[in-house]
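S.K.: below are the sequence and a predicted model for it; my questions follow.
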Amino acid sequence: MSAIPPPPTGHVVVGVDGSPAALSAVTQAALEAANRHLPLEIVSAWTLPGDGQLDAYVRQMRREAEEATKAAVAHVRALHPQIWTIARVRRGPAHEVLLASAEHASLVVLGSRGHGRMAGLLLGSVSLSVAAYTPCPLLVVRDRHEAPSRPDGSGEGLVVVGVAGSDCGLAVEAAYEEAELRHLRVCALNAIPPIVPTPLGLPAAAIESLAAESAVRRSAVDAALAASRAKHPEIESQVRVIREGASQALVEASREADLVVLAAHRRTARFGTRLGRVGHTVLHHAHAPVLIVPVG
């Protein structure tokens, strides 16, 4: 019997379940691994029924999980034969299996939708649990963006990163690194809560105050970008300050983006760690792939 290879470290992890969306995630994960010169771990999960009996249905679930990983490995080897690829079929809830692999990874990639034990990604408990607890960045690939972002280096695309303050430094750097890998531009987005004018409009003093606040916000975002701009001088970038709710602004900006990058400002809730409202909304409604970067 051959020994089970040890898990790689600093690698890319992708979850598969045999669905078309999962195969799209594998395609993107393989490209991420190839661009970073990292190993790729392909993971699938299966679970026992409550009574613990291995009936025909459970055996079928395990067989389907094994077949999904085999198909994914073949797909990766056809696209990027140079990548070191390892497949793992593990027993347990999908989010727990993925989080176990994420402990030693540099990136986890999931499809936007699936079936079986990984169904409902973006809209269900699996992706939200992984996003809330993963120790490394999580890339969720949307159905509408099944093809990887402009690998030909055309440089016409855009990485949108939400910048709310100085604690978004890790997300900003991740956005610049992704832009460099994908040959894209960076747009740093800061949202100011909108003000509803009275029937008579806004007084001149209020308008001047709003303009001053926008200038202060723009300066703060420029400061948050300074280190990454210096590190990646070849990446074109811009700052946009929008008077709109942060969630709505990011979802709208995702329409023209190849990737949206968000800092995961996690909070401890009554029943465990939770993503903030903005991250939760963007994961549900973004029109582009979303990269969640844990910052605390």
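M.R.: Sure thing, it's come through.
S.K.: where does pLDDT dip in the stretch 151-296 of the chain?
M.R.: Across the stretch 151-296 of the chain, the ranges flagged by pLDDT under 70 are 151-156, 195-210, 266-274, 296.
S.K.: so where do the strands sit in the stretch 101-250 of the chain?
M.R.: Applying DSSP state E, counting those that start in this stretch to the stretch 101-250 of the chain gives strands spanning 105-111, 138-141, 158-162, 185-192, 237-243.
S.K.: strand partners (parallel or antiparallel) of the third one?
M.R.: In this case it means strand 158-162. Paired with strand 158-162 in the same sheet, following DSSP bridges, are strand 185-192 (parallel), strand 259-264 (parallel).
S.K.: what does the last one give?
M.R.: When sheet partners are counted by DSSP bridges, strand 237-243 sits next to strand 185-192 (parallel).
S.K.: with only the CA atoms kept, save the strand it pairs with in PDB.
M.R.: Below are the C-alpha coordinates for strand 185-192, written out as PDB (Å, rounded to 0.1, in the frame of the first residue of the first chain):
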ATOM      1  CA  ARG A 185      -5.700  47.800 -13.100                       C
ATOM      2  CA  VAL A 186      -6.700  48.500  -9.500                       C
ATOM      3  CA  CYS A 187      -9.600  50.700  -8.400                       C
ATOM      4  CA  ALA A 188      -9.800  51.400  -4.700                       C
ATOM      5  CA  LEU A 189     -13.400  52.200  -3.600                       C
ATOM      6  CA  ASN A 190     -14.500  54.100  -0.500                       C
ATOM      7  CA  ALA A 191     -18.100  54.600   0.200                       C
ATOM      8  CA  ILE A 192     -19.600  57.500   2.200                       C
END
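S.K.: in that strand, which residues are buried?
M.R.: If you call a residue buried by 16 or more other C-beta atoms under 10 Å, then strand 185-192 has these buried ones: R185, V186, C187, A188, L189, N190, A191, I192. To be clear about C-beta, it is placed using only N, CA and C from the backbone, and glycine gets the same treatment.
S.K.: now that strand: how far from the chain's centre is it?
M.R.: Chain-centre distance of strand 185-192: 17 Å, with C-alpha atoms, centre = their mean, to the nearest Å.
S.K.: list the contacts of it.
M.R.: 155, 157-164, 172, 175-176, 179, 213-214, 217-218, 220-221, 224-225, 235-246, 248-250, 253, 257 (C-beta atoms under 8 Å, 6 or more residues apart in numbering).
S.K.: just the buried ones from those, in ChimeraX syntax?
M.R.: Listed next is the ChimeraX selection for buried residues among those, using 16+ other C-beta under 10 Å:
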select :157,158,159,160,161,162,163,164,172,175,176,179,217,220,221,224,225,235,237,239,241,242,245,246,248,249,250,253,257
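S.K.: if we can go back for a sec, from the buried residues of strand 185-192, which is closest to A100?
M.R.: Comparing those against A100 with C-beta to C-beta picks out V186 as the nearest, at 32.7 Å.
S.K.: got a list of what the nearest residue to the closest one once chain neighbours are set aside touches?
M.R.: Of all residues not flanking V186 in the chain, S237 sits nearest, at 4.1 Å (C-beta to C-beta, 6 or more residues apart in numbering). Contacts for S237 (C-beta under 8 Å, 6+ apart) come out as Y176, A179, R185, V186, C187, A188, L225, R229.
S.K.: before we move on, back to that, adding distance to K70, write the strands of the stretch 101-250 of the chain out as CSV.
M.R.: Formatted as CSV, the strands of the stretch 101-250 of the chain follow (distance: least, C-beta to C-beta, whole Å):
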stretch, distance to K70
strand 105-111, 17
strand 138-141, 21
strand 158-162, 34
strand 185-192, 38
strand 237-243, 42
